[in-house]
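S.K.: build me a model:
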Amino acid sequence: MKKSLIVIAAALVLVACGKKPATEDQTQTTDTVVVEVEAEEAPAVDSTLYLDFTAVTPEGAELSLSDLVGKTDYVLVDFWASWCGPCMAEMPNVKANYEKYHPKGFEIVGLSFDRDGTKWKECIAKNELNWIHLSDLKFWQSIAATTYGIQSIPASILFDPEGKIVDCDLRGERLGKALAEIYGE
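M.R.: Residues are numbered from 1 along each chain as shown. I've put the predicted structure just below:
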């Protein structure tokens, strides 16, 4: 029952992002990891609003998505990992947009699918990724993956100041264009 409810919640987020949700009996493999969703309790879901979860910063502090979304300006939740080649190829674009729009109130929350805390922290420092970072170091079984039904990375979800989903999978020029439209440039 709990597994079914969390799958339904993830499906509603995917529908809000214009994606076809996987059926409950489908599994996803990445390398040799099979993703199966288990949850203690299913969140209440409105398909256009963010779903809250708590993870840990590189410094070890717990932070919830609700600490940011709906309390600041636009927030991009960027799903990534230090071992993900396409994610790292996208980072210069994400970083440039963060540096351009952060002074105007734009925030990024990087949700890592890493499982090695040392590599995660080293990647953040080496690449000077100066926005908020969270992870539970559970790879494809992370709280971020299960809450939002993320089946591939890089992925992203843009939330407005009220916590509503504005757009998904903003990469390359699409991210810059979306932010330019929002911030009037």
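S.K.: give me the below-cutoff pLDDT ranges for this protein.
M.R.: Where the chain drops to pLDDT under 70, the residues are 1-47.
S.K.: where exactly do the strands run in it?
M.R.: For the chain, the strands defined by DSSP state E occupy 28-30, 33-35, 54-56, 62-64, 75-80, 107-112, 132-134, 155-159, 165-168.
S.K.: redo these as CSV? Include mean neighbour count.
M.R.: Every residue, glycine included, has its C-beta placed from N, CA and C. Formatted as CSV, the strands of the chain follow (neighbours: other CB atoms under 10 Å):
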stretch, mean neighbour count
strand 28-30, 12
strand 33-35, 14
strand 54-56, 16
strand 62-64, 13
strand 75-80, 25
strand 107-112, 25
strand 132-134, 22
strand 155-159, 24
strand 165-168, 18
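S.K.: can I get those in JSON lines with distance to residue 94?
M.R.: Shown next, in JSON lines, are those (distance: least, CB to CB, whole Å):
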{"stretch": "strand 28-30", "distance to residue 94": "21"}
{"stretch": "strand 33-35", "distance to residue 94": "24"}
{"stretch": "strand 54-56", "distance to residue 94": "19"}
{"stretch": "strand 62-64", "distance to residue 94": "19"}
{"stretch": "strand 75-80", "distance to residue 94": "6"}
{"stretch": "strand 107-112", "distance to residue 94": "7"}
{"stretch": "strand 132-134", "distance to residue 94": "12"}
{"stretch": "strand 155-159", "distance to residue 94": "8"}
{"stretch": "strand 165-168", "distance to residue 94": "14"}
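S.K.: roughly how far does residue 183 sit from residue 90?
M.R.: Going from residue 183 to residue 90 by CB to CB, to the nearest Å gives 20 Å.
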